[in-house]
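Undergrad: Okay, here's the prediction I keep looking at, along with the sequence it came from:
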Amino acid sequence: LSVRSVATTPFDGQKPGTSGLRKRVAVFQQEHYTENFVQAIFTAMPAPGPKNAVLVVGGDGRYFVKDAVQKIVRIGAANGIAKFIIGQNGILSTPAASAIVRKRQADGGIILTASHNPGGPKNDFGIKYNMRNGGPAPESVTDAIFAATRSISEYHMADIGNDIDLAALGTQKFDGFEVEIVDPVNDYVELLKDIFDFDLIRQFREKTPDFKLLFDALNGVTGPYGRRIFVDELGFSESSLEQCEPLEDFGGGHPDPNLTYAYKLVERVEKEAISFGAASDGDGDRNMVLSHDWFVTPSDSVALIAHYAAECIPYFKRSGVHGLARSMPTSCAIDRVAAAKGLEVFEVPTGWKFFGNLMDAGRLSICGEESFGTGSDHIREKDGIWAIVAWLNIIAHVNRSTPGASVRSIMQDFYSIYGRNYFTRYDYEEVESDGAARMVDRLRSFISETESDSGIVGKVFGGFTVAKVDDFEYTDPIDHSVSRRQGIRVIFDDSSRIIFRLSGTGSQGATVRIYIERFDPSSFDIDAQVALKPLVDAALEISQLEQFTGRKEPTVIT
Ligand code: VG1
Ligand code: CO
């Protein structure tokens, strides 16, 4: 293998965020920029390093994925990678990539995505490194990658002549390494068929012709996965699919499954009185679930799945449910399920990478984030289609004993057992970074342990009395690593919470997130925005958000 070393100098800001390095495409297109970061991944790859390693590579199909794959093969081969397993045409959903790393016992994976951020030449691209367990690299590894980007002076490229043919399935041999192009969908569909009761869902569909499904891939990567599962396997009609053609720019849209960006789905679900609507994001790890008369907030969705899992989902019927978890800002609904079922429940910082150690240790089966992320230990990423099929499995199961049970009635029944954790999140996207940082600094000064004089403990906002203010800190129960400054929590004496965080996935300016939660043991039917209005006002008063950012309204409410 002939290898050439290219002299380079470090770029600023190649620090992986909540989920990999995300920047504008133009940033990645600068000479050496992508190469530097990819070389840094191989430099920092945990022992025994890239020599003779097997690497899975694929992405969400957005603009620049194919170029990046070609660069990764050249740089990876020069660094000693023995085999690349690549999704056909460079395509792998994030959950499918995780599944393939595990199934093929690869040494790691590189996933090319900026998730729900818009794509195309003027928008975003991203690169994320996953470990041998199929999960996102922990902070120790992303810190080592960042350190390598700071000290890089050269990267290595294999001279392989023409580009790799990414379309031809099968193995291509090169001097010193090989490339296997795999079908992006097959292994993943096999995995889901093993987890869920596909027969039960099919029977339910046949017996219930009024039950209408609509799945919207938002022109992201999940179109082909959705078609195979919902139409080919489960027998729903072709008209159950919306925007299932993967596009390099996602059709100009924002491939984020929420009520704002998945407006086409929301409109059709309402207009056509659809029983079950679902969407996933650009790379397929997020999901949204709703019906014409109910929106399932993601914090409730994971709690509901946890409630039913051991009763009707074959994977959990076989091996049991060994603990639950949520990210810190996610509502505490799942904690109530854990308490009722006698399960451990963990509260981790934002980002799926924090669930992996618990899963590997056998202490966590089902977990979720309020940001439309739901999943289990079948892989080490959140999994949009998994969550959607879990819901279908549960709806079919509940309908056996209660014919006519709907998304809405299932959630009402859940609330009558556990009460309801009302939840909302306000996002202020692309605000000026300095103002956002000053706002957070001021909030930090309220942390009672550090500055008791300016603390707000004991003060009343909108009728709610502050019991505690802190900056969330997490010690991983397995490797004891500590993650600090993960979000400022204002906790009230009735257990209501307001949480302030800055996003770690944006590519421009800062995004402020405010998370708001209140538990109600007996009223389940209030609109969440109405139920939480006094706390929203309290959050704006406490943070003085408008003074610091100039924003009167959030960009997105979820
Ligand atoms: C956001 C979400 C977080 C999620 C992350 C990656 O991070 O809040 O819950 O894990 O995106 O999801 P942040 O730092 O912007 O709040 V994905 O689908 O973008 O990989
Ligand atoms: Co995503």
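TA: Thanks, I have the structure now. Numbers count the residues shown, from 1 in each chain. Ligands and ions are numbered 1, 2, ... in the order given.
Undergrad: Quick check: mean pLDDT of the longest helix belonging to the chain?
TA: The residue-count maximum for a helix in the chain (DSSP state H) belongs to helix 384-401. Throughout helix 384-401, pLDDT has a mean value of 98.
Undergrad: Give the other helices and strands that that helix contacts.
TA: helix 94-103, helix 186-195, helix 198-207, strand 276-280, strand 287-291, helix 298-312, strand 373-376, helix 407-418 (3 or more Cβ pairs under 8 Å, 6 or more residues apart in numbering; DSSP states H and E). Yep, even glycine has a C-beta here, placed from its N, CA and C like the rest.
Undergrad: got the contact list for residue 196?
TA: 313-315, 389-390, 392-393 (Cβ atoms under 8 Å, 6 or more residues apart in numbering).
Undergrad: again, only this time at 7 Å
TA: In this structure, residue 196 makes contact with 313-314, 389-390, 393, judged by Cβ atoms under 7 Å, 6 or more residues apart in numbering.
Undergrad: Next: residue 412.
TA: Counting by Cβ under 7 Å, 6+ apart, residue 412 touches residue 524.
Undergrad: need the next SSE after the helix or strand containing residue 129, C-terminal direction.
TA: Taking DSSP states H and E as the criterion, the element that holds residue 129 is strand 124-130. Next helix or strand after strand 124-130 toward the C-terminus (DSSP H and E): helix 139-151.
Undergrad: what angle sits between the longest helix of the chain and helix 198-207?
TA: 60 degrees (axes from the mean of the first three to the mean of the last three Cα atoms, to 10 degrees).
Undergrad: gap between helix 384-401 and the chain center?
TA: Averaging C-alpha positions (Cα atoms, centre = their mean, to the nearest Å) puts helix 384-401 20 Å from its chain's average.
Undergrad: next one: stretch 192-201
TA: Distance of stretch 192-201 from its chain centroid, counting by Cα atoms, centre = their mean, is 23 Å.
Undergrad: That stretch spans what distance, first to last residue?
TA: When the termini of stretch 192-201 are compared using Cα to Cα, to the nearest Å, they are 13 Å apart.
Undergrad: Not counting sequence-adjacent ones, nearest residue to the residue of the stretch 401-550 of the chain found nearest ligand 2?
TA: Residue of the stretch 401-550 of the chain nearest ligand 2, by Cβ to the ion: residue 505 (9.0 Å). In space, residue 505 comes closest to residue 18 once its chain neighbours are excluded; the distance is 4.9 Å by Cβ to Cβ, 6 or more residues apart in numbering.
Undergrad: Likewise for residue 65?
TA: Distance criterion Cβ to Cβ, 6+ apart; nearest residue to residue 65, sequence neighbours excluded, is residue 59 at 3.9 Å.
Undergrad: got it, and residue 174?
TA: Residue 174 sits nearest to residue 160 (Cβ to Cβ, 6+ apart), 5.9 Å away.
Undergrad: what residues are up against whichever residue of the stretch 101-250 of the chain sits closest to ligand 2?
TA: Using Cβ to the ion, the single residue of the stretch 101-250 of the chain nearest to ligand 2 is residue 115, 3.2 Å away. Residues counted as contacts of residue 115 (Cβ under 7 Å, 6+ apart) are 19, 281-283, 505.
Undergrad: Any idea which of those the model trusts least?
TA: residue 505 (74).
Undergrad: Just list the residues touching it, thanks.
TA: Residues counted as contacts of residue 505 (Cβ under 7 Å, 6+ apart) are 17-19, 22, 115.
Undergrad: Just send these back as JSON lines, with distance to ligand 1 and secondary structure too.
TA: Output for the contacts of residue 505, formatted as JSON lines (distance: Cβ to the nearest ligand atom, whole Å; DSSP: H, G, I helix; E, B strand; the rest coil):
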{"residue": "17", "distance to ligand 1": "6", "secondary structure": "strand"}
{"residue": "18", "distance to ligand 1": "3", "secondary structure": "coil"}
{"residue": "19", "distance to ligand 1": "4", "secondary structure": "coil"}
{"residue": "22", "distance to ligand 1": "8", "secondary structure": "strand"}
{"residue": "115", "distance to ligand 1": "3", "secondary structure": "coil"}
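Undergrad: got CSV for those residues, with distance to residue 204 too?
TA: As requested, the contacts of residue 505 are exported to CSV (distance: Cβ to Cβ, whole Å):
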residue, distance to residue 204
17, 41
18, 37
19, 35
22, 40
115, 32
